[in-house]
Structures are given as structure tokens and as C-alpha cells.
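Asker: build me a model:
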Amino acid sequence: MSKIKIAELFYSIQGEGRYMGVPSVFLRTFGCNFSCRGFGMPLVSTGYDSYASWMPEFKHLSPMLTTDAIAERIMELLPHKHWEDEHLVITGGEPLLGWQRAYPDLLNHPKMAGLKELTFETNGTQELSDEFKRYLFDNWKDRRDKLTFSVSPKLSVSGEN
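Answerer: Numbering: from 1, shown residues only. As a prediction, this is how the structure comes out:
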């Protein structure tokens, strides 16, 4: 059984992009390959909402959860206790950094069976592994229009190029 280090797991309404206004479950993973100078300050100072998902000072607050535990927690968050029209957003930090092997276990979990729409919010620096590409092709080929990679490249002001 796979495990993923989770910074946050919550239910909300997507506030931006293609799925703006759609009820969504946000799975925020811990860890990032960038350190974005100037973004290590609290939200009230920077407006940056995910610094606790990558700053080493917060690592101890992010549990390593099994995919079973994550699927169970997602069901608890969903209003109907199963997928209906909700969307899953896997974000971070950088969600493609170290967890690609675990996502098939999570997405194939029986409790995830009704999931129709999935987005990975990424900084775009991580290549998909061959195994993960194969998984996505084989399991999302009939609903490719429901699989989104929302890429947020970092501008030079972030200190990352």
C-alpha cells in the first residue's frame, strides 16, 4: 500500500480556472523542488497560500498517510459520502515531485470509483514517469477531457528560473 505526505486535505469550491465554482476536494501534498524566496512568510504578508506545504519548518505537521486513509478521509469530506459532481485537485508544493507511484493506488481505490474529474496543479518542472503516463493513458483515455494539468510556471520574481 502506498503512502503520500499530506499538507492539507479539504473540501471547498474551486476559485479559479476551468473548474471555477465547482465543488472540489483539494489534496495538497508536502514537498517542492522550489523554495521561492520571499514566500516563506505567512499568508497575511504574502498572499501565498501553500508555503506550509514545502517549508521544512512545517514538515512535522504533514502526516504520511496511506492511500486507504486518504480515500477514507475524502469520503468523509464529500457531502454525500461518495463522488457525485465533485472534482479532485491534487496540488502542493509540487504534487508530481515524489508521489507519482502512489497516485494509481489512490485513484484505483474502490472509494474513488465515482471520480469523474481530476486536476494536477504543478509548476511544470517534473516529467511524468513512464509508469504514470501509462496509467493515465490506460485509465483516463475515455475521459481525457476530464484530466487537467494546470501548470503554473514560476516567474523570475519568485527567485526560481
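Asker: in the chain, which spans are helices?
Answerer: Assigned by DSSP state H, the chain shows helices spanning 43-46, 67-77, 103-107, 130-140.
Asker: pick the most buried one from those.
Answerer: Neighbour counts (mean count of other CB atoms under 10 Å) averaged over each of the helices of the chain peak at helix 103-107, with a mean of 20. (Glycine included, C-beta is placed from N, CA and C.)
Asker: average model confidence for it?
Answerer: In this model, helix 103-107 has an average pLDDT of 98.
Asker: all strands of this protein, in order?
Answerer: Taking DSSP state E, the strands of the chain run over residues 3-13, 23-29, 64-66, 87-91, 117-122, 147-151.
Asker: pLDDT averaged over the second one - what is it?
Answerer: Okay, so that is strand 23-29. On average, strand 23-29 scores 97.
Asker: if we can go back for a sec, and the helices of the chain: which comes nearest Pro153?
Answerer: helix 43-46 (18.5 Å; CB to CB).
Asker: quick one: mean pLDDT for that closest one?
Answerer: 47.
Asker: try stretch 6-17
Answerer: Rounded mean pLDDT across stretch 6-17 is 94.
Asker: for it, buried residues please.
Answerer: Of the residues in stretch 6-17, 6-9, 14 count as buried by neighbour count, 16 or more other CB atoms under 10 Å.
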